[in-house]
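Peer 1: Attaching a predicted model along with its sequence, questions to come.
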Amino acid sequence: MPSVTTTAPFPDDVATAPLLVIDYALIKMGDRAEIDHLWVAATKLGFWYLKNHGVEEEVNRMFDMGAETLGLSLSEKLKYEQGDNGDSFGYKARGTIATDVDGTRDNVEFLNIAQDDALSWPRPIYRTYPATVNTRMTGTITPFVRKSMEVNNTLLAVFERQLGLPRGEIAKLHSTAEPCGSEARCIKTPPNQTTTGVGAHTDFGTITFLHNRLGGLQVLPPDSQKWLYIKPLADHAVCNVGDALAIFSAGILRSNIHRVMPPPGAQSQFERYSISFFTRPRNSVVLRALADKSETIANAVARAPPEGYDTGSTSAEWISRRIRKLRLKNRKGPETWYASMGTEMHANLERRPDVIRRSAVA
């Protein structure tokens, strides 16, 4: 597990995204300047670094759990495969999803653990997991999930106030009283790769809390033709807005396009792991702008394209459709990949088609 404990330096000669650094400790204190800083990050690029989040110890243990689990034999991991029906929880093997319109295979594997399963342990809500997960559920996974939920919910409360929503409105959409699609993920990329790990996409859910030790994550800034690496910073998470939050806010908060490529420079010789927590709404929540709850959002809806920000889909349907259409076993042609798209993808296909459609080579 070399990349879990050892890394080569990130190279100085690659273009990187100028992410703002947000101090979570100041956010919790209600510091006005830091809240304004966060608002700029979430509305302009939709990505930012987060320091002083307090989840470092749990993240380190999650890296160990993920490396141990993804190091199991393929036959053992396939007992927990997520399948081709749009289910997110469980194991995803390499080469099972499309990274572009041509159906180019991905080169990553990952394990998704449902928030609901972690919180209800040892009683499963959705599914069971490998023994390497079960033995670490109480000491590692559930604490990581709980702390990640606290971080994301704190940020969502800030966005709620900034959007002029009633207190608790966004929290209500993510209540643990009903099942949801929130999950923890460990993703692994083999060393010495040259092609896309995960193709261009926007995240399915509300907000993402990500931890990298090697490079590989890239973002496509608005109206740019150039992908930029996000440089990992020690003890800094990378957070980003997802589709649900973009829809709830009528596009005020930005769910930006990103992808996973091989690590740059000497980092490419290592296995690459990352740990994520994805907050997503309750399964039954219909994804539409909260225009009836906020004048700010209502004004944004009035300026929106004719199709607006009312998907007609529940959160569970949105996630299932996007996962199902990415699976290569469900592929019928380019239209299948287009049907997997999120909030920004179709508009960007018109303005930057070659940047979005094709899988890249490092």
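Peer 2: Structure received.
Peer 1: Thr189 and Tyr309: what is the separation?
Peer 2: When C-beta to C-beta, to the nearest Å is the yardstick, Thr189 and Tyr309 sit 34 Å from each other. In this view, the C-beta of every residue, glycine as well, is placed from N, C-alpha and C.
Peer 1: now swap in Gly83 and tell me
Peer 2: For Gly83, the distance to Tyr309 under the criterion C-beta to C-beta works out to 31 Å.
Peer 1: and what of Thr202?
Peer 2: Distance of Thr202 to Tyr309, given as C-beta to C-beta: 14 Å.
Peer 1: Same question for Ser175.
Peer 2: Per C-beta to C-beta, Ser175 is found 22 Å from Tyr309.
Peer 1: If you count surrounding residues, which of Gly83 and Tyr309 has more?
Peer 2: Each of Gly83 and Tyr309 has its neighbours counted (other C-beta atoms under 10 Å); Tyr309 has more, 22 against 14.
Peer 1: I figured that one was touching Ile252, is that so?
Peer 2: No. With contacts counted by C-beta atoms under 8 Å, Tyr309 stays clear of Ile252, the gap being 10.0 Å.
Peer 1: What is the end-to-end distance of stretch 279-296?
Peer 2: 24 Å (C-alpha to C-alpha, to the nearest Å).
Peer 1: Make residue 1 into 724 and carry on from there
Peer 2: Taking 724 as the first residue, the last one we looked at is stretch 1002-1019.
Peer 1: In it, which residues are buried?
Peer 2: Neighbour counts over stretch 1002-1019 (16 or more other C-beta atoms under 10 Å) mark 1002-1006, 1008, 1010-1014, 1016-1017, 1019 as buried.
Peer 1: try stretch 853-871
Peer 2: For stretch 853-871, a neighbour-count test (16+ other C-beta under 10 Å) marks 853, 855-856, 859-860, 863-868, 870-871 as buried.
Peer 1: likewise stretch 1065-1077?
Peer 2: Residues of stretch 1065-1077 classed as buried under the neighbour-count rule (16+ other C-beta under 10 Å) are 1065-1068, 1071-1072, 1075.
Peer 1: rewinding a little: farthest pair within the buried residues of stretch 853-871?
Peer 2: Pro853 and Lys870 (22.7 Å; C-beta to C-beta).
Peer 1: Which ones among the buried residues of stretch 1002-1019 map onto helices?
Peer 2: By the criterion of DSSP state H, membership of the buried residues of stretch 1002-1019 in helices covers Thr1019.
Peer 1: Mind putting the buried residues of stretch 1002-1019 into a markdown table with pLDDT?
Peer 2: Supplementary listing: the buried residues of stretch 1002-1019 in a markdown table, determined by pLDDT from 0 to 100:
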| residue | pLDDT |
| --- | --- |
| Thr1002 | 98 |
| Arg1003 | 98 |
| Pro1004 | 98 |
| Arg1005 | 98 |
| Asn1006 | 98 |
| Val1008 | 98 |
| Leu1010 | 97 |
| Arg1011 | 96 |
| Ala1012 | 97 |
| Leu1013 | 97 |
| Ala1014 | 96 |
| Lys1016 | 97 |
| Ser1017 | 98 |
| Thr1019 | 98 |
